[in-house]
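Novice: Just a sequence and a predicted model for now, questions to come.
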Amino acid sequence: MEEVRHQTSQILHEARTWRAAHGIAVNQDGGLTWPPSPAADHTYADAADADAAADVSLANMQRLVRHVEAAQWAEIGFLVFRTYYADEPLWERFQQRFGEVVDGGLVGAPAAAGLLARISGRVKLPLVSDYALVDLGPGGIAHIYRDSVSNLDGDDDSEEEGEEGDDDEEGHLASLDPGLRMPMCIMVDQECLRSMASEKEEDGAVPYVKAVDVRLATNKDLGYSGSFKVAVGRLMSHFYAALQFYEPVDISAAVDKSTGIWTGMGSVQPSKNAEEATMVERIVERAMIRGA
């Protein structure tokens with residue numbers, strides 16, 4: 001935890017530097033806020049059991065546990081960037097509920113995915129809160145996430161990368177703990193905070209955050225917008241699992257057209273790149289098991 005705290009402190013320094021370089025003022029210093037110890041609830045239990053048969057998410061959860069244990073990841077999760085600072089009570093409310101809803105998604109997963117409990121203690125979702133991030137959009141957050149994490153090791157060689165290739169993102173994320181080194185980070189803006197304001201979901205409203213593709217900072221054609229809404233209750237149980245085995249563009253294709261919120265993969269099939277990655281993952285896991 002102290003290591004992640006140190007890393008996020010450096011991220012905030014990079015955020016201020018990035019804003020200054022782009023002519024964006026920093027209002028004042030902020031700080032880091034960490035999720036309180038989450039209390040489990042069962043908000044998603046019924047919904048998860050109902051769609052398990054038709055959703056590939058169950059298989060993804062089971063594969064995730066095998067993957068995390070084989071790779072021996074100590075921490076799994078995302079960095080979460082706050083961008084809205086005009087309503088502190090709203091932010092406090094978000095902090096109170098965020099961990100509860102995420103945990104509720106883990107506890108309420110289908111019974112057949114009960115092995116998620118084996119890795120639930122490794123979940124870390126550091127909240128990065130600082131005025132250096134105020135009102136940044138997905139593109140700005142992608143730049144800060146990508147550039148700041150690339151400098152966490154203080155490696156001067158990272159400045160001599162030359163042209164950006166397909167593997168460039170991995171190099172930029174190489175210093176973060178492997179289980180937190182995701183191709184997407186999470187941002188929380190005003191509408192995300194408001195979605196979490198109610199005690200319980202009312203009229204079908206679903207609390208959500210926004211996932212941001214780190215490659216959005218490269219100005220490449222990603223095949224989609226580079227960010228989308230993700231239901232908080234599915235953040236670790238479904239979304240984190242899917243991100244291990246699918247390309248972000250494939251995951252974005254599963255966003256619910258009626259709500260604009262991602263809640264699961266549904267019947268979306270992985271791309272060729274994702275299928276190849278899964279094959280490599282299986283080979284690595286088998287090799288590790290044989291060597292144990």
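Specialist: Nice, thanks for sending it over.

Novice: Can you check the distance spanned by stretch 232-239, start to finish?
Specialist: Distance between the two ends of stretch 232-239: 9 Å, counting by C-alpha to C-alpha, to the nearest Å.

Novice: residues in contact with it?
Specialist: Residues from elsewhere that reach stretch 232-239 (C-beta atoms under 8 Å, 6 or more residues apart in numbering): 43-44, 48, 57, 60-61, 76-78, 98, 101-102, 104-106, 108-109, 113, 116, 123, 125, 186, 196, 206-209, 211, 230-231, 251, 262-265. Using the backbone N, CA and C atoms, a C-beta is placed for each residue, glycine as well.

Novice: What remains of the residues you listed if I keep only buried residues?
Specialist: Buried residues within the contacts of stretch 232-239, counting neighbours by 16 or more other C-beta atoms under 10 Å: 43-44, 48, 57, 60-61, 76-78, 98, 101-102, 104-106, 108-109, 113, 116, 123, 125, 186, 196, 206-209, 211, 230-231, 251, 262-265.

Novice: Tell me which of those residues fall in helices.
Specialist: Taking DSSP state H as the definition of helices, the buried ones among the contacts of stretch 232-239 contribute 48, 57, 60, 61, 98, 101, 102, 104, 105, 106, 251.

Novice: Make CSV out of these and add pLDDT.
Specialist: Output for these, formatted as CSV (pLDDT from 0 to 100):
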residue, pLDDT
48, 47
57, 75
60, 86
61, 87
98, 96
101, 95
102, 95
104, 90
105, 89
106, 88
251, 96
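
Novice: Can you name the residues bridging to the closest residue to residue 78 other than its chain neighbours?
Specialist: With C-beta to C-beta, 6 or more residues apart in numbering as the criterion, residue 78 has its nearest non-adjacent residue at 4.7 Å, and that residue is residue 186. Assessed by DSSP bridges, residue 186 has beta-bridge partners residue 80, residue 211.

Novice: Buried residues in the strand or helix carrying residue 89, which are they?
Specialist: Using DSSP states H and E, residue 89 sits in helix 88-107. Buried residues in helix 88-107, counted by 16+ other C-beta under 10 Å: 91, 93-95, 97-107.
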